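Novice: coords please:
(chains A, B, C and D)
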Number of protein chains: 4
Amino acid sequence: MYVVNMIYFQCDYAEGADPAIIERLSSTNMEQSEGYGLDKHSIRAKELIKKRIGKENADVHLLVGGTETNRIAIQAALRPYQGVLSPDTGHIAAHETGAIESTGHKVLTLPNIDGKINADQVRAYVKEHYDSPTAEHTVQPAMVYISEPTESGTLYSKKELIALREATKELGLFFYIDGARLGYALASPKCDFTIEDIADLADMFYIGGTKCGALFGEALVILNDQLKKDFRYMIKQNGALLAKGRMLGIQFETLFEDDRYFNITKKAVEKALRIREAFEKKGIPLFGTSYTNQQFPILSNEQIKALEKDYVFELWGKSGDKTIVRFCTSWATSDENTEKLISSILSM
Amino acid sequence: MYVVNMIYFQCDYAEGADPAIIERLSSTNMEQSEGYGLDKHSIRAKELIKKRIGKENADVHLLVGGTETNRIAIQAALRPYQGVLSPDTGHIAAHETGAIESTGHKVLTLPNIDGKINADQVRAYVKEHYDSPTAEHTVQPAMVYISEPTESGTLYSKKELIALREATKELGLFFYIDGARLGYALASPKCDFTIEDIADLADMFYIGGTKCGALFGEALVILNDQLKKDFRYMIKQNGALLAKGRMLGIQFETLFEDDRYFNITKKAVEKALRIREAFEKKGIPLFGTSYTNQQFPILSNEQIKALEKDYVFELWGKSGDKTIVRFCTSWATSDENTEKLISSILSM
Amino acid sequence: MYVVNMIYFQCDYAEGADPAIIERLSSTNMEQSEGYGLDKHSIRAKELIKKRIGKENADVHLLVGGTETNRIAIQAALRPYQGVLSPDTGHIAAHETGAIESTGHKVLTLPNIDGKINADQVRAYVKEHYDSPTAEHTVQPAMVYISEPTESGTLYSKKELIALREATKELGLFFYIDGARLGYALASPKCDFTIEDIADLADMFYIGGTKCGALFGEALVILNDQLKKDFRYMIKQNGALLAKGRMLGIQFETLFEDDRYFNITKKAVEKALRIREAFEKKGIPLFGTSYTNQQFPILSNEQIKALEKDYVFELWGKSGDKTIVRFCTSWATSDENTEKLISSILSM
Amino acid sequence: MYVVNMIYFQCDYAEGADPAIIERLSSTNMEQSEGYGLDKHSIRAKELIKKRIGKENADVHLLVGGTETNRIAIQAALRPYQGVLSPDTGHIAAHETGAIESTGHKVLTLPNIDGKINADQVRAYVKEHYDSPTAEHTVQPAMVYISEPTESGTLYSKKELIALREATKELGLFFYIDGARLGYALASPKCDFTIEDIADLADMFYIGGTKCGALFGEALVILNDQLKKDFRYMIKQNGALLAKGRMLGIQFETLFEDDRYFNITKKAVEKALRIREAFEKKGIPLFGTSYTNQQFPILSNEQIKALEKDYVFELWGKSGDKTIVRFCTSWATSDENTEKLISSILSM
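Specialist: Numbers count the residues shown, from 1 in each chain, chains lettered A, B, ... in the order given. As a prediction, the model looks like this:
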């Protein structure tokens, strides 16, 4: 349970939502609207998103959560005997209680390199599958799933994304990008691609709301025409067609007016990088190369003890006799708390 | 799309939420809390519900929507070859895009009588199954699903519920009650049971929020110990574990303080019955015997034309050359609009 | 358990297989062959079938049993939210323990007329689905399933089959024919179509072996190119790719040499019709209009008692205070037993 | 395709069945019997098996194939969010086209050591799962699956099996043993356990017929009472309830009379070990430590060329610049061909 007087850097979904969203929910509360996402707010939110990503022909569906979005998107794309390639650290492989398998599809894992997989790995896996005289005794790879940024906050470069796009196109696989924290990728100074690039490269991707300032909500964008048909049936069957769909419309409308989504995540990343800098200045190593809103310093037990008096953060894993921990920033992280943490780090 | 200057009686989820909910969301927005329903608001909401239904040992899970709740609850209870008995008009049979079947389980329908099924039908079905020398060639009935109130607004009496409980207990079936509009049942002058009775009789039931004044949310109550184990895994696997679970906690906390849930639905039912009375006074027949917030007058084409100039309502079905339509009230239905509708009915 | 000295007309799978099959299994036993249906017998069997049905481009897969064949064929054709239309008496609806539902797909039943459904029923169902403003809240009909002959031994005429083909083509549905007893349909004097017609009209159908003289085995024929891709993956995933696939090849090779399949079923139907004639002569009514190998007389309790002294037959259902029973013939029914039964019927 | 004049050591299912089986099929062909495994041969086969394993209370089910058996057994035992631990080389993990995942369950792989996993690995995995504060975000391990012998022909010792039994019991997991080639394990001179031990240790296991002298067929033995209920429904729903179930009964009856099953596999292992000895004598290394009917020599390209003139064997994998190949023996391997191969090896 949350403790009074502690400062939380544990995750990016500890608070409610960007105040503009709360205000909009309040001001529209007595409006009457169509149910199931056919309301004017949902329609406008979808238009704003399509305009922002430069794809008027995209289909956009507003869903409640990330696991829900992944399971519907992947299930909709695959035939029963097909599976999805994912880094072994991918959210669908590691943190969704087998949601993909529960729809009948195996997640085929590839070993991650700094949280990522590359086009060569994909090509090798698919070649090995089809080269086998008994290919039909194994699951057919039919999609590549990645997260941008990855689970450990790292980024695929534009070149890496293009290589994955080319490999999947050539091999006849779909390319799906989980953007639960996409806003933080785009806000990173190390990011060399735009959201338009993502829309050019992926067959489907989603723009995460839950971790980027909304109460909840993920905007799934379908670009490949093959994947568009009857998608609302898929949503309803999965129990994911929100009756008061306006709730999602209002939130994404708010986030995509005046680029609020991008400003929110930009501020969060700036704070995260100031914290990163403090760890570096202090000579504390960091796990991986995250220049997004998650930072993974590798701390000694003494350092953990020193910081956990005032701050809450997540234990992430082991690195020899030290511990990898995670500090997250979000729309709700204050300048004051950021400065306080930096000064605590530097004075350890 | 919704049209300006029209008055909407189409459904009970056209507006946002009871203002107390919006206010609470706003005032708690900057609180930090645990994710995934482990926050203090969710904990308190569950306590309030358990207290109100008189079952300290119940397990309560707060979920987003009704179809989601049904599919998780039913899937969790059944073995792969088992099915669920439902009225042919049941929501799981008719309006969920085969969500139950998508989890592998057949919905076994019984013909409804005024929206309901009875203990004799259940007994006969189960007896026929087990009497067959080839029972294993057919789906094994293992649960009874009903809605209270039903899809057409009618009510099971306490006696009917007890009969279903006795039959299911005797036959070894689970008894599950879909309470998407449970508040309206309890608020009906024809209702002869309490929410404590429901908790005494069902193995599982859910208290609907979406249609009873919340933005979204259904509180699933598990009373049978056999069904409690590992339920959060089921929720997560189905993509239904809301990251900012506090959103659900805050809403049900608000609804179950000071019996707000019951007061909201009470006012809605009163308005619905005044509308019913107007139809009756006018000599217009009603479909079924609904004394809850949904009213189903059977209108001629002229009557429909007269009313649809100012009001929006749903076309429900055919009855000879007339049409059954649906008028709904909710927390958001104003006295003014109710009076206006009544006067329009009477002056047709 | 089977009792000595009784004569069995209970079903068409009580004995082993046509002796030619047993002999061939024996004579080929020491041959070495490829596994998983890639052996020369399977290849030749498929060629013989394709030649016999007049479709060189068909894909033929040899599977073990009927329920297995139905579940794989239907699952392979449908998207997750789609269902299959079937007569309410269809095998997939009534006798497969929800096998279709276990793959996620709802069986959508239409009321049978003498065991059959017609094109008008299909058109009406599909129209109602797409006319609904909330079509996506219900299962999308995407295939029509029928059996030829039906469960009660009746036959669709060529005209009825063409009507179903035209309706499904126009509506964008697949047309699948379960031919568990197809040989008996083709052998009926009332049959006005050929196996070539079936291959012209269906998107997929299967030629039943188990009930038509084989130890086991059903030959699934896929005619629609859309349904051919990767089918062996589907078979393997369903645990239905027989390691010693030659067992199936040898059986169908034997059945499709010299039209043995058709001769076997012809003799069985002739015997069944002589039995039918005896019931008619005796003035005993028959249920439905079966001119295939199953006969359904409606017997009084006295008549049942008289016949069950010497014969075993199946109780099928009730008709007022009488009972519908089933007498089956097969490749193994002897002339002697047939004559004996006829004389018992006539002398009751 | 199989080529004339070649000698096949490619697999253990290239021929038909032990001649005693063919003869019995022939001699019983005209018997009439109950369908669906309720016939006297199936009943007797089950009795013989129960007697032989020393468990009168076991439930035995006769199924057609191995993948079918695994998917039904595992699906029947697990709740939707549970998975099964398996060596990464396990048949369910590597060679069943995701059959287990197609029933909704994730196969959780552990790295194999000489084809095996051990109790420590199981304990560590389960501990890590339950130690996690977010255990419910991952698949719950609920069963251990192993093969005896393993895919690479190696054997778990009795001590290793006991350790796995103790670990699974302590951790609340089921223990399931895939015995597709169990006969060859029991026939190995390195085997230190009996089939009675297997029945003492496993919750379920199956006795493989297909690869041990039958045309097809696997006898699933359920020892844990919890897993017995309603199992025939599971079989039927999976399309695996053979109409002429006697086919399975007759085969297992034949195999378990006079220990024919054990004699068949004994002779095959003897031949395999003579082949092994020849490779060893020649100084050719072998992959893993298989003392069962599969041998995996590591050959140079020249050696492969020399042997493939007269023999057919399977390419198994790479080992540096050499190739691991597989030679199998079976009931059908002749002494003559064995000697010829040995002499070819020695004279390379």
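
Novice: got the domain ranges for chain A?
Specialist: Structural domains of chain A, as assigned by automatic domain parsing, span the residue ranges A:7-14+A:260-346, A:19-255.

Novice: distance between the ends of the last one?
Specialist: Taking C-alpha to C-alpha, to the nearest Å, the span from the opening residue of domain A:19-255 to its closing residue is 11 Å.

Novice: which residue is the nearest non-sequential neighbour of the residue in the stretch 51-200 of chain A that chain B sits nearest to?
Specialist: Here the residue of the stretch 51-200 of chain A nearest chain B is A:Glu68; by C-beta to the nearest C-beta that distance is 3.2 Å. The way it works is simple: take the backbone N, C-alpha and C, and place the C-beta from them, glycine included. Leaving out its chain neighbours, the residue that sits closest to A:Glu68 by C-beta to C-beta, 6 or more residues apart in numbering or on different chains is B:Gly239, at 3.2 Å.

Novice: from what I see, that neighbour and A:Ile235 are in contact.
Specialist: No: between B:Gly239 and A:Ile235 there is no contact under C-beta atoms under 8 Å: 11.1 Å.

Novice: who has more neighbours, those two?
Specialist: Counted by other C-beta atoms under 10 Å in any protein chain shown, B:Gly239 and A:Ile235 do not tie: B:Gly239 has more neighbours, with 28 against 25.

Novice: helices along chain A, start to end?
Specialist: Listed in chain order, the helices of chain A (DSSP state H) span residues A:19-27, A:40-53, A:66-77, A:91-94, A:99-102, A:119-131, A:158-171, A:182-186, A:195-201, A:231-237, A:246-256, A:260-281, A:301-307, A:335-346.

Novice: closest to B:Ala142 out of the ones you listed?
Specialist: Evaluated over the helices of chain A, closeness to B:Ala142 peaks at helix A:99-102, with 19.9 Å, by C-beta to C-beta.

Novice: check whether that closest one contacts chain C.
Specialist: No: remark: helix A:99-102 sits outside contact range of chain C, by C-beta under 8 Å from any C-beta of the partner chain, the gap being at least 10.8 Å.

Novice: pLDDT score for the closest residue to A:Gln82 other than its chain neighbours?
Specialist: With C-beta to C-beta, 6+ apart as the criterion, A:Gln82 has its nearest non-adjacent residue at 3.7 Å, and that residue is A:Ala142. With respect to pLDDT, A:Ala142 has a value of 98.

Novice: the helices of chain A: which one's closest to D:Ile72?
Specialist: Going through the helices of chain A one by one, with C-beta to C-beta as the measure, helix A:99-102 comes closest at 17.2 Å.

Novice: contacts for that closest one, please.
Specialist: Applying C-beta atoms under 8 Å, 6 or more residues apart in numbering or on different chains, the set of residues contacting helix A:99-102 from outside is A:67, A:70-71, A:74-75, A:84, A:92, A:106-107, B:236-239, D:80-81, D:83, D:101, D:104-106, D:139.

Novice: of all the residues in that helix, which ones are buried?
Specialist: When burial is assessed from 16 or more other C-beta atoms under 10 Å in any protein chain shown, helix A:99-102 yields the following buried residues: A:Ala99, A:Ile100, A:Glu101, A:Ser102.

Novice: picking up where we left off before, nearest to D:Gly172, of the helices of chain A?
Specialist: Relative to D:Gly172, the nearest member of these by C-beta to C-beta is helix A:99-102, separated by 21.1 Å.

Novice: mean confidence (pLDDT) on the closest one, please.
Specialist: Averaged across helix A:99-102, pLDDT comes to 98.

Novice: identify the bridge partners of the residue in the stretch 201-348 of chain A positioned nearest to chain D.
Specialist: Residue of the stretch 201-348 of chain A nearest chain D, by C-beta to the nearest C-beta: A:Leu315 (9.1 Å). Judged by DSSP bridges, the bridge partners of A:Leu315 are A:Val325.

Novice: correct me if wrong: it contacts A:Thr323.
Specialist: Yes: because the distance of 6.0 Å satisfies C-beta under 8 Å, A:Leu315 is recorded as touching A:Thr323.

Novice: more neighbours, those two?
Specialist: For A:Leu315 against A:Thr323, the residue with the higher neighbour count under other C-beta under 10 Å is A:Thr323, and the figures read 18 against 13.

Novice: list the contacts for the spatially most central residue of chain A?
Specialist: Geometric centre of chain A, nearest residue: A:Ala180, 1.9 Å, by C-alpha atoms, centre = their mean. Neighbouring residues of A:Ala180 by C-beta under 8 Å, 6+ apart: A:Gly66, A:His91, A:Ser147, A:Tyr206, A:Gly208, A:Thr210, A:Lys211, A:Glu218.

Novice: so what's the residue of the stretch 151-300 of chain A found nearest chain C scoring on pLDDT?
Specialist: Taking C-beta to the nearest C-beta as the measure, the point where the stretch 151-300 of chain A comes nearest chain C is A:Tyr233, at 3.8 Å. At A:Tyr233, the pLDDT value in this model is 98.

Novice: check the one 10 residues further on too.
Specialist: On the pLDDT scale, A:Ala243 is placed at 97.

Novice: correct me, but it touches B:Phe216?
Specialist: Yes: taking C-beta under 8 Å as the contact criterion, A:Ala243 and B:Phe216 are neighbours in contact, 6.9 Å apart.

Novice: what residues does the stretch 1-150 of chain A have near chain B?
Specialist: Counting by C-beta under 8 Å from any C-beta, the residues of the stretch 1-150 of chain A near chain B are A:1-2, A:8, A:11, A:13-17, A:19, A:22, A:25-26, A:28-35, A:38-40, A:64-72, A:96-99, A:102.

Novice: show the contacting residues for the residue nearest to A:Ser33 when sequence neighbours are not counted.
Specialist: Counting by C-beta to C-beta, 6+ apart, A:Asp39 is the residue found nearest to A:Ser33 once chain neighbours are left out, at 3.7 Å. By C-beta under 8 Å, 6+ apart, A:Asp39 lies in contact with A:Ser33, A:Gly245, A:Arg246, A:Gly249, B:Tyr2.

Novice: most remote residue from chain A's center?
Specialist: A:Pro133 (37.6 Å).

Novice: residues from chain A in reach of chain D?
Specialist: Applying C-beta under 8 Å from any C-beta, one finds that chain A approaches chain D through A:80-81, A:83, A:94-98, A:101-107, A:134, A:136-139.

Novice: go again with 7 Å.
Specialist: A:80-81, A:83, A:94-95, A:97-98, A:101-102, A:104-106, A:136-139 (C-beta under 7 Å from any C-beta of the partner chain).

Novice: farthest pair within those?
Specialist: Using C-beta to C-beta, the pair of those lying farthest apart is A:His95 and A:Glu136, separated by 30.7 Å.

Novice: ok, back up a step: A:Ala243 and B:Phe216: who's more crowded?
Specialist: Neighbours per residue, other C-beta under 10 Å: of A:Ala243 and B:Phe216, the larger number sits with B:Phe216, 25 against 22.

Novice: what does the pLDDT read for the more buried one?
Specialist: Value listed for B:Phe216 in the pLDDT field: 98.

Novice: how about it, what does it touch?
Specialist: Going by C-beta atoms under 7 Å, 6 or more residues apart in numbering or on different chains, B:Phe216 touches A:Leu242, A:Ala243, A:Lys244, A:Met247, B:Val64, B:Gly65, B:Gly209, B:Thr210.
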